[in-house]
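K.L.:
Predicted model, plus sequence, below.
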Amino acid sequence: MHTFHKVLIANRGEIALRILRACREMGIRSVAVHSTADADAMHVRLADESICIGPPPASESYLNPVAILTAAAISNAEAIHPGYGFLSENADFAAMVEEHGIAFVGPSPEHIRLMGDKVAAKRACRQAGIPVVPGSDGPVENEDEARAVAGQIGYPVLVKAAAGGGGRGMKVVQAESELASQMALARAESVAAFGNGALYLEKYLSRPRHIEVQILADHHGTVVHLGERDCSLQRRHQKVLEEAPSPALNARARARIGKLAAQAAATLGYRSVGTFEFLYEDGEFYFIEMNTRLQVEHPVTEMVCGLDLVREMLRVAAGAPLGFTQADVRFSGHAIECRINAENPQTFVPSPGRVSDYHAPGGLGVRVDSAVYTGYTVPPYYDSMIAKLIVHGPDRNICLMRLRRALDEYVISGIDTNLPLHHRLLQAPEFIDGDYTIHWLERFVRGGD
Amino acid sequence: MTQSKKRPAIDLDVIRELAQVLAEASLSEIEYETGDCRVRVSRIVSAAPAAAAAVAISPSPVGAPAGETHEADSFAGHPGLLTSPMVGIAYVAPEPGAPPFVKPGDPVAVGDTVMLIEAMKVFNPIKAHRNGRIERIFVDGGVPVEYGEPLLLIV
């Protein structure tokens, strides 16, 4: 059996619609599940079947494994596609799905669990040949050991609380002369905040880019990489705009990191889609984490590769071989995605409400993934991202011109959106030149630069 | 039911024939396409027997095409309306063949079990939310119900 007849989509919004479209093109019947707040949503309207699984709070609907599995059972769905967010990286849910004889459209529960543990993920990836941020590899016992490690990885270094998080117990050390005093500060902060003074060291990257590599693997040992996406434009760790290829990589660097990622996925026995996320600085890649799911920004990869990643995920989950190898993967042109959020473009406060007028841009090389329509009410319960505008062009310059043109055509009335932010971004010389790091957008938004 | 714009005349015979096939085969929907003409005929499937292993999902109030009305719709907002707290299979009796928990006309008190809903092999008792008398029961045993679907009316 290399195809499904019916797939349940355990998600909402644009990604539910995205998956539904792939199902329809493959002749697979789709089952939408929804909360009462989404009874009029586009993914519900367009699905072959729909089942209301709970009240508006996600914890009682889209995050409710029992409700979703019950819906799959009564609709006789053979597979569940989790989309992104919600239960997509919940290993227990993936295991429950498989225990009920339903295919989970994604990696194995074991791989989800492994990559969900950040320490174990880093260790597994390093062993599989992925470059990681050099550091002390565990807590440093004393100042002498710290000095030795720092000397080895080179200054500046980052002193981090082993129990840390949220920036507390974290200090940048520019030179050896500062090491003792900064370690004392970090230890004091860590004891105060976490009741634990254990510290470790890591190389400090002052101006990295966020570059991630897309891989795709089947059950039969074939793994390909589909190039990278540059997702450095972030605000509060939320990606705002993504592009492929990265303006910072050349073909050789791309081939090198892509090959490492594909080999690592093969070593790990990984299947389905996955993304290795890296920080990139001075020509070196440093692994951050692996995402074991379809990503929001997957369309930019689709546009430059000419592949339908959801279709491939469904085929792989049904046991089909990829049917192509790395040599068949061709990269063509440039693609950029703008995430359109229902939020105030200055204050970033979410702006749910009724969309009184909606007109999506079109024309050559323009793709809009959205579940919004005129008269749709954006519910206040879920993520504020309501659309993705993806533009493809033969080169980055034409892509930028086309994106400006498409943004000008986009009309979303009745609610606030961040479209004005994207308009401003497309005029910024640093962005136009591709000269930006993960810190650039925060400064740009604050009005610096 | 959809039909191509190019064919203004509706071929009633085709529809009649499809409706017959639909009933004979106990299907909920048939889509038939020939040339540039496409006809879809659908109907509400009546309750499947409680013992049925695989239950076809009944068209839901939410997913149902515009214009269809649910028997319980006229009681929307009625304080006596008891709706399903979860998605699952409704059972009106404690076991197959046993008498139902309640019948129309029965008196009930708050907390009385009036139905079971099975979700993932767990049978969840559904309890009366007010004192009164069973006025109507909207679902049959063994049918799938959605979250929020009307189950019965207590007056």
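P.N.:
Okay, I see it.
K.L.:
where does the stretch 1-150 of chain A dip in pLDDT?
P.N.:
Per-residue confidence for the stretch 1-150 of chain A (pLDDT under 70) gives these ranges: A:1.
K.L.:
Strands of that one, residue ranges please.
P.N.:
Assigned by DSSP state E, counting those that start in this stretch, the strands in the stretch 1-150 of chain A fall at A:6-9, A:29-35, A:49-54, A:79-81, A:103-104.
K.L.:
So what are the sheet partners of the last one and their directions?
P.N.:
This points to strand A:103-104. Here strand A:103-104 is paired, per DSSP bridges, with strand A:79-81 (parallel).
K.L.:
Now do the strand it pairs with: everything it contacts.
P.N.:
The contact list for strand A:79-81, computed with CB atoms under 8 Å, 6 or more residues apart in numbering or on different chains, reads A:4, A:6-11, A:19, A:68, A:72, A:97, A:102-106, A:310, A:313-314, A:317-318. In short, each C-beta sits where N, CA and C put it, glycine included.
K.L.:
Over to stretch A:173-186?
P.N.:
So stretch A:173-186 is in contact with A:143, A:146-147, A:150-151, A:155-161, A:169-172, A:199, A:204, going by CB under 8 Å, 6+ apart.
K.L.:
Just the buried residues of these.
P.N.:
A:146-147, A:150, A:155, A:157-161, A:169-171, A:199, A:204 (16 or more other CB atoms under 10 Å in any protein chain shown).
K.L.:
Does residue A:396 touch residue A:246 like I think?
P.N.:
No. Look at residue A:396 against residue A:246 with CB atoms under 8 Å: they stay out of range, at 10.3 Å.
K.L.:
more neighbours, these two?
P.N.:
It is residue A:246, of residue A:396 and residue A:246, that has more neighbours when counted by other CB atoms under 10 Å in any protein chain shown, with 22 against 17.
K.L.:
Can you tell me how far the closest residue to that one other than its chain neighbours is from residue A:434?
P.N.:
With sequence-adjacent residues excluded and distances taken as CB to CB, 6 or more residues apart in numbering or on different chains, residue A:246 is closest to residue A:230, at 3.5 Å. Using CB to CB, to the nearest Å, we find residue A:230 at a distance of 8 Å from residue A:434.
K.L.:
shared neighbours of these two, which are they?
P.N.:
Joint contacts of residue A:230 and residue A:434 (CB under 8 Å, 6+ apart) are A:247-248.
K.L.:
contacting residues around the nearest residue to residue A:193 once chain neighbours are set aside?
P.N.:
Spatially, and ignoring its direct neighbours in sequence, residue A:193 is nearest to residue A:168 (4.6 Å; CB to CB, 6+ apart). Residue A:168 is in contact with A:161, A:189-190, A:193-194, counting by CB under 8 Å, 6+ apart.
K.L.:
just residue A:272 next, same as before
P.N.:
Applying CB under 8 Å, 6+ apart, the residues near residue A:272 are A:105-107, A:216-217, A:292, A:313, A:316-317.
K.L.:
Identify, from the residues you listed, the entry nearest to residue A:426.
P.N.:
residue A:216 (30.5 Å; CB to CB).
K.L.:
Looks to me like the closest one is in a strand.
P.N.:
Yes. Residue A:216 forms part of a strand when assessed by DSSP: H, G, I helix; E, B strand; the rest coil.
K.L.:
Name the nearest residue to residue A:138, ignoring sequence neighbours.
P.N.:
residue A:200 (6.3 Å).
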